[in-house]
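1. Build me a model:
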Amino acid sequence: MRVWNAGWLALIVAALGIAGCSFGGSANGSYAPMPAQRISSGNSSPIKHVIVVIQENRTFDNLFATFPGADGTTTGEAEAVPVSEQSQCPIDHKEKVNLTEGNLAVGDDFGHKYSDVQIDYDNGNMDGFDVDPIPAGGGKIACLHSYQYVNPSQIAPYWDIAQQYVLADHMYQTQGSGSFTAHQDLIAGGTAIDSHESIIDDPSGFPWGCDSPSTTTTSLFTTDGQYEPGKGPFPCFTQYETLRDRLDAAKISWNYYTEKVVPPPNGDTAGIWNAFDAISAVRHSAEWGKKVTFNDKLIFKDISAGHLPAVSWVTPDALNSDHPQELEGGKDVDYGPSWVASIVNAIGKSKYWKSSAIVILWDDYGGFYDHESPAFFDNRGGLGFRVPMLIVSPYARETTSSQPGYISHTQYETASILKFIEVNWGLKPLQLPDTRATSIGDSFNFSQKPRSFSVIPSEHPQSFFLHQTPSGLPPDTE
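-> You can find the predicted model right below:
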């Protein structure tokens, strides 16, 4: 099985003509921004509020394999496993396999750091998922456990949203890695710390960020294709700006709603999904605890009180996240679909509906099978694999008035969300990814009459989450 070594990556990058597409690609560290994209084909944007709801660790095929008209599949390719592993996984030759319909709550947490991406990708064959180790599996390989898709009845709110609004089936991770950099991409557009190096994978210490143990390091990916584990700086970054800097400078309100966890050894902390814990200028400012709030349910209060900021990020409690291997009372659980529906319903029934865009995405692929190979490779460790994305708005593009749901086949990446926010408020791009990315703006039609809102049915109402005791669980390990 071939992996992405430096020489092979360089050849691919050169063949695609994007070798120079790196942040700070010139000697003086500058770059040439692409022209700003129009976010609609008609009127100026009525969007005054963007709410980014971030769920965890799913591929497009895992959630929408059988969604009508979308680029999903229920079959995949598996690679022959080594002879030493065939007792637990009897696959002795490359073969086509069927994806198994399963539960949203699943016990295995599959590998999804940079090295796992290389294994799963397998030189574009997308057949290495079966030989990828399970980090918490005691040496097991995934075999065909990652070749699964969720029974649609268990994620009915997601399908209901897709049937009414926008489902993007070619949304890729900006970087092929795990949760830490995925969440950084959602606030910074990328993780380039200079003209040559980007952060990749997770910090070596837990929790992730300025609250990490003092000996914590990060890993790097260099523009000449080298992966350097443990060679990066302490994860309390000053090397790049975030959307917070642009929003503050323009006096545009924002909030980052997150939940506390209680991991050792540092006790009570804002948790590993709090991207701003790794940004020194926020972690060590008055915005920490104010604009970065440690109760994700506060978004409901802010909506009802009329205090919803212009830009919001919302990360969930572990039990509400869709992340595999989350236990409550010894049982696998996932309240994610109801959690997301509660946020959408709160906005939809509020005064903010006609001025809002809700973007729901899953931060990384989580090691689950997906049949689409990355759209291209840059020299910053991306693109990664496909993740699902839903867009909810009264201006969400429609197929027809009688069939309102729209499937966007546009190639997006994580930074496409930042691109939309930047263009919507006239802000300067941050890094290469949000400069090159296609804005999600083509999934809106601002010329259409604003749609009325219909409640998204779900098993658990908003009151369930308002009374839910925080689990305190660290929601991810990579």
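2. tell me the mean pLDDT over stretch 168-186?
-> Taken as a whole, stretch 168-186 carries a mean pLDDT of 97.
3. Kindly report the same for stretch 414-422.
-> 98.
4. Can you get me a residue count around the residue lying closest to Gly176 once chain neighbours are set aside?
-> Among residues not flanking Gly176 along the chain, Gly384 sits closest, at 3.4 Å (Cβ to Cβ, 6 or more residues apart in numbering). Backbone N, C-alpha and C define where each C-beta goes, glycine included. Gly384 has 25 neighbours, counted by other Cβ atoms under 10 Å.
5. do you know how far Gly384 is from Tyr256?
-> 23 Å (Cβ to Cβ, to the nearest Å).
6. Please report the distance of Ser87 from Pro394.
-> The value you get for Ser87 to Pro394, if Cβ to Cβ is used, is 56 Å.
7. The two: who's more crowded?
-> Per other Cβ under 10 Å, whichever of Ser87 and Pro394 has more neighbours is Pro394, with 21 against 8.
8. Please verify my assumption that the more buried one contacts Tyr352.
-> No - Pro394 is not in contact with Tyr352 according to Cβ atoms under 8 Å; the separation is 10.5 Å.
9. Low-confidence regions, the stretch 1-150 of the chain specifically.
-> Residue ranges of the stretch 1-150 of the chain with pLDDT under 70: 1-43, 137.
10. In terms of helix, strand or coil, where does Val344 fall?
-> helix (DSSP: H, G, I helix; E, B strand; the rest coil).
11. Also the one 3 residues further on?
-> Under the three-state scheme (three-state DSSP), the conformation of Ile347 reads as helix.
12. repeat for Pro229
-> strand.
13. same question, Asn62
-> Asn62 is classified as helix under three-state DSSP.
14. ok, it - contacts?
-> Counting by Cβ atoms under 8 Å, 6 or more residues apart in numbering, Asn62 makes contact with 148-150, 366, 368-370.
15. do you know how far Glu413 is from Leu427?
-> In terms of Cβ to Cβ, Glu413 sits 18 Å off from Leu427.
16. more crowded one of these two?
-> Glu413 (28 against 20).
17. what's across from the more buried one in the sheet?
-> Glu413 has these beta-bridge partners by DSSP bridges: Tyr172.
18. That one and Gln175 touch, don't they?
-> No - taking contacts as Cβ under 8 Å, Glu413 lies outside contact range of Gln175: 9.0 Å.
19. Contacts only, for the residue nearest to Gly176.
-> 117, 172-177, 364-365, 374.
20. run the last query once more with 7 Å
-> Contact analysis of Gly384 by Cβ atoms under 7 Å, 6 or more residues apart in numbering lists 117, 172-173, 175-177, 364-365, 374.
21. Among those, which are located in helices?
-> When the contacts of Gly384 are checked against helices (DSSP state H), the matches are Val117.
22. Reformat the contacts of Gly384 as JSON lines; add neighbour count.
-> What follows is the contacts of Gly384, written out as JSON lines (neighbours: other Cβ atoms under 10 Å):
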{"residue": "Val117", "neighbour count": "30"}
{"residue": "Tyr172", "neighbour count": "29"}
{"residue": "Gln173", "neighbour count": "28"}
{"residue": "Gln175", "neighbour count": "30"}
{"residue": "Gly176", "neighbour count": "29"}
{"residue": "Ser177", "neighbour count": "31"}
{"residue": "Asp364", "neighbour count": "31"}
{"residue": "Tyr365", "neighbour count": "31"}
{"residue": "Pro374", "neighbour count": "20"}
